[in-house]
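# sharing a sequence plus its predicted fold:
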Amino acid sequence: AQSVTQLGSHVSVSEGALVLLRCNYSSSVPPYLFWYVQYPNQGLQLLLKYTTGATLVKGINGFEAEFKKSETSFHLTKPSAHMSDAAEYFCAVSPSGGYQKVTFGTGTKLQVIP
Amino acid sequence: DAGVTQSPTHLIKTRGQHVTLRCSPISGHKSVSWYQQVLGQGPQFIFQYYEKEERGRGNFPDRFSARQFPNYSSELNVNALLLGDSALYLCASSLALGQPQHFGDGTRLSIL
């Protein structure tokens, strides 16, 4: 069984401020972890993924996330928010090893204030 | 290169009807997955197909079915539609199992 919990359904930051979106996971097997972004009326775009190896993962658009096994966390950060970052962000988990039944969190809407 | 394409983009049906949603994966991708995203929630896994075989099924009733064709395109069928089936249906393709998924823009299904 696997699940993800995203803390905060809505997050507001000022333009230029740090973005921190929180995600905790539960998985009975070593997980693959993902962050996706969804703009209005669009599908999901992969920001970054953790499979194995380096625990600090860098993605597109300046985002990064750190896999912390001891804390079962995979928080998403960006040093400086841009207006174009306003969107909904989903954390997701899947079992490693090829089976790709992905479980998504409920999402966090990021608002960027000018 | 074309991304994942889904048709139609919007669809309105009434309760009790059936619906077929279509998905064309990225060229070369052999795996297709279907997700249901109810307004305000994250996507929920419905099915995964790889090389025309079902490789995973989520917790959805038997009213939901799918298939994958020899060209790797896929259809999702939903029978006896309920109001609760109103959602954005997303298709995702990947090169193979265990590879990152690429999502289409979805089909918005509204049930009246």
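In hand now; what should we look at? Numbers count the residues shown, from 1 in each chain, chains lettered A, B, ... in the order given.

# might you list the low-confidence residue ranges for chain A?
Counting by pLDDT under 70, chain A shows low-confidence ranges at A:96-100.

# same question for chain B.
Counting by pLDDT under 70, chain B shows low-confidence ranges at B:1.

# residues from it in reach of chain A?
Residues of chain B lying near chain A by Cβ under 8 Å from any Cβ of the partner chain: B:4, B:31, B:33, B:35, B:40-45, B:48, B:55-56, B:58, B:90, B:92, B:94, B:96-106. To be clear about C-beta, it is placed using only N, CA and C from the backbone, and glycine gets the same treatment.

# what residues sit buried inside stretch B:58-75?
Residues B:58, B:60, B:64-66, B:68, B:72-75 are the ones in stretch B:58-75 that count as buried (16 or more other Cβ atoms under 10 Å in any protein chain shown).

# for the residues you listed, which one is nearest A:P31?
For the buried residues of stretch B:58-75, the closest approach to A:P31 (Cβ to Cβ) belongs to B:G58, at 17.5 Å.

# contacting residues for that closest one?
A:101, B:44-47 (Cβ atoms under 8 Å, 6 or more residues apart in numbering or on different chains).

# same question for B:Q6.
Applying Cβ under 8 Å, 6+ apart, the residues near B:Q6 are B:21-24, B:89-91, B:104-107.

# filter those down to the buried ones.
B:21, B:23-24, B:89-91, B:104-107.

# in strands only, show me these.
B:21, B:23-24, B:89-91, B:107 (DSSP state E).
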